[in-house]
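Trainee: My questions are about this predicted structure, shown below with the sequence.
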Amino acid sequence: MEIMRDFYNDDLVKKLPVRWTAMQNLHLTLQFLGDIEEKLISQIKGILDNILPPHHAEQLTLTGVGAFPNPSSPRIIWIGFDKNDYLLKMQQLLTHSLETAGFEVDRKRYRPHLTLGRVRENSAFPPNALQHLESISGKMNFASSPLDRVTLYESVLRPGGPVYSAVYEKMLNR
């Protein structure tokens, strides 16, 4: 994630009305679960163990910047990944397995991304800012990173932003 330093250090990026994600908190979400009772964590670990067989590490490559819900009215600024069939199948299997086990899952179309930041409420996001962010990302030389583990995180919301703690990690490579 060293390459993201250049992005975050851009002068315009620093001035935007965005609460940027701390670099140590950048992560790819497969399925957001919300509040989970402590006693259900072992069930989630079991699901991960059962559905994520060892494989050779897939390579994930970052691509361009985008925004949710849409570029003309951004609330979340993200950077996406090149299409990866293994990642998409893994996410679908995880979602199906969690739902079958009774967990509430997000059924929106899965768009693999890293959340770079959230536009501050009641802030005017400059119309050309997203194009500038896309331009910056277009100049960055993104290297592929291995998809070699899945981590179950607990997030605790603090005034300074969320704090993530790994609860369980499943290594995927042989």
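Mentor: Yes, it's here. Residues are numbered from 1 along each chain as shown.
Trainee: how far is the longest helix seen in the chain from where the chain is centred?
Mentor: Looking across the chain with DSSP state H, the single longest helix is helix 85-100. Here helix 85-100 is found 15 Å from its chain centre; the criterion is Cα atoms, centre = their mean, to the nearest Å.
Trainee: Now name the helix or strand holding residue 41.
Mentor: helix 41-51 (DSSP states H and E).
Trainee: Quick one: name whatever helix or strand follows that helix.
Mentor: Following helix 41-51 in sequence, per DSSP H and E, is strand 58-60.
Trainee: Can you list the strands that that following strand pairs with?
Mentor: strand 145-147 (antiparallel) (DSSP bridges).
Trainee: Contacts for the helix or strand following the strand it pairs with next, please.
Mentor: Per DSSP H and E, the first helix or strand lying C-terminal to strand 145-147 is strand 149-158. Applying Cβ atoms under 8 Å, 6 or more residues apart in numbering, the contact partners of strand 149-158 are 27, 30, 41, 44-45, 48, 52, 90, 162-172. All C-beta atoms are positioned from the backbone trio N, CA, C, and that covers glycine.
Trainee: if you average pLDDT over the longest helix of the chain, what comes out?
Mentor: Mean per-residue pLDDT for helix 85-100: 94.
Trainee: same for it, what does it pack against?
Mentor: helix 41-51, strand 58-60 (3 or more Cβ pairs under 8 Å, 6 or more residues apart in numbering; DSSP states H and E).
Trainee: in it, what's buried?
Mentor: By neighbour count with 16 or more other Cβ atoms under 10 Å, helix 85-100 contains the buried residues 87, 90, 91, 94, 95, 97, 98.
Trainee: Perfect, that will be all.
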